[in-house]
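S.K.: 3D, please:
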Amino acid sequence: MTLPRPARDIAAAVTATVAAAAARDATALLATAARLAALNPEQVGLVLGAVTRSLLEDLHPDGLRGDDVRAVVERCVLGAAAWYPDVDPDVVVDLLSDVLDVPRPFRKPEPAEVAVHGPLLVADLLAAGGRRLDGYLAAAFAEIARGELVEPP
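M.R.: Below you'll find the model as predicted:
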């Protein structure tokens, strides 16, 4: 599938930011996250959400329980805190809540927070499952495109 320019920009920025998180490189994470945060926040959120949701489904084929969610949050936050001390557990929980469609009484994370913490979460889930981003990213764009085709105008 050939992506339009805005989608290609998001794919490149997500790929770079997830790679920085996987490499545990705080300087690169912040630089690439700034580029990601400058893109359309709704579209970035859709892409990161779709990738995260697919990873969670693959890693938990029998469903996600409360203990599973807690383990994901703890692993992601504790793993990132070792090299990125500004990781915010509340933002990780908020992102997971959005992906799982669980209402939270808190504020919606800012685009800059999503641009850092979304890729941290994706990198953690990829590492936990020994998976690669490219297939999940392609599937996310395909899912979003299908959704746009079936939504009424």
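S.K.: nearest spatial neighbour of R35, skipping sequence neighbours?
M.R.: A13 (5.0 Å; CB to CB, 6 or more residues apart in numbering). Quick note: C-beta positions are derived from backbone N, CA and C, even for glycine.
S.K.: burial count for that neighbour?
M.R.: One way to gauge burial is a neighbour count; for A13, by other CB atoms under 10 Å, it gives 22.
S.K.: isn't it up against A31?
M.R.: No. With contact defined as CB atoms under 8 Å, A13 and A31 do not form a contacting pair (10.7 Å).
S.K.: could you list every helix and strand that the helix or strand bottoming out on mean pLDDT in the chain packs against?
M.R.: Across the helices and strands of the chain, mean confidence by mean pLDDT, DSSP states H and E is lowest for helix 133-150: a mean of 87. Packing partners of helix 133-150 (3 or more CB pairs under 8 Å, 6 or more residues apart in numbering; DSSP states H and E): helix 5-22, helix 41-59, helix 111-129.
S.K.: next up, the contacts around P41.
M.R.: Applying CB atoms under 8 Å, 6 or more residues apart in numbering, one finds that P41 lies in contact with 111, 114.
S.K.: how close does it sit to G135?
M.R.: P41 sits 24 Å away from G135, taking CB to CB, to the nearest Å as the criterion.
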